[in-house]
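**Student:** Structure of the sequence below:
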Amino acid sequence: MITYLITDSKFYTSRPEFITAKLYEISKKHKIDYACLRDKVSENYEESAKSFITACNTLNIKPILHTFWLEAVNLGAYGIHFATKDFKNIPLAKAENLFVFASAHTLKEAEEAVLLGADFITISPVFYTPDKNEPLGLEKLKEITAKIPKRCIALGGISESSQIRICKEAGAAGYASIRYFLK
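**Tutor:** Predicted structure coming up:
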């Protein structure tokens, strides 16, 4: 199963040295295929991104930036993760040879992201997540993964190994989480 760690400034701060240290610590406990620097409050995202990309490359983790696709190109990130509102940028990022994750909350959004060229789609929130919309649940995850096999990554409220197992049974190609990796 594909593993996708997503940072959040609430848990990782916006300090590059803290983010990097946390990534090293987590990588000792968990296998991580991709890691996304998701920081909506940093005053110096580029500095954090440089440090993050270096750490990921050292740890053999594919570094993904969130939203800032031109920075991803310029700093040598492996890929980018787009929110639904930024789907228009998927073809631009693909033209720059970036690997693309796209956030979707409905089958229609997931299909649109695939048509635009996204490599993986995060389907969220699958489970209850503080400050997020009502969970989609496993039936909706199954419905989407049936239409878009091998490209859907379960996201949202995944904090236990048992949830990972049932997402896999529902057809998810992998899982993404913020809190699960912090355990």
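
**Student:** Would you mind pulling the contact partners of the lowest-mean-pLDDT helix or strand in the chain?
**Tutor:** Counting by mean pLDDT, DSSP states H and E, the chain has its least confident helix or strand at helix 9-12, which shows a mean of 87. The set of residues external to helix 9-12 that reach it, using CB atoms under 8 Å, 6 or more residues apart in numbering, is F18, I19, K22, D39, K40, V41, S42, I178, R179, L182. Quick note: C-beta positions are derived from backbone N, CA and C, even for glycine.

**Student:** what's the most distant pair in the residues you listed?
**Tutor:** Farthest apart among the contacts of helix 9-12 by CB to CB are S42 and R179. That separation is 19.9 Å.

**Student:** Going by distance to L138, which of the contacts of helix 9-12 wins?
**Tutor:** Of these, the one sitting nearest to L138 (CB to CB) turns out to be R179, at 18.7 Å.

**Student:** Which stretches in this protein count as helices?
**Tutor:** Assigned by DSSP state H, the chain shows helices spanning 9-12, 16-29, 45-58, 69-75, 90-95, 107-116, 138-147, 161-169.

**Student:** For the closest residue in space to N44 that isn't next to it in sequence, which residues are in contact?
**Tutor:** Of all residues not flanking N44 in the chain, S14 sits nearest, at 7.7 Å (CB to CB, 6 or more residues apart in numbering). For S14, the contacting residues are D39, V41, S42, E43, N44, S48, by CB under 8 Å, 6+ apart.

**Student:** Distance of S14 relative to S48?
**Tutor:** S14 sits 6 Å away from S48 when distances are taken as CB to CB, to the nearest Å.

**Student:** Give me the below-cutoff pLDDT ranges for this protein.
**Tutor:** By pLDDT under 70, the chain has no low-scoring segment.

**Student:** can we see that at 90?
**Tutor:** Low-confidence regions of the chain, defined here as pLDDT under 90, cover residues 9-15, 39-44, 129-133, 183.

**Student:** Check the burial of L182 by counting its neighbours.
**Tutor:** For L182, the count of nearby residues is 16 (other CB atoms under 10 Å).
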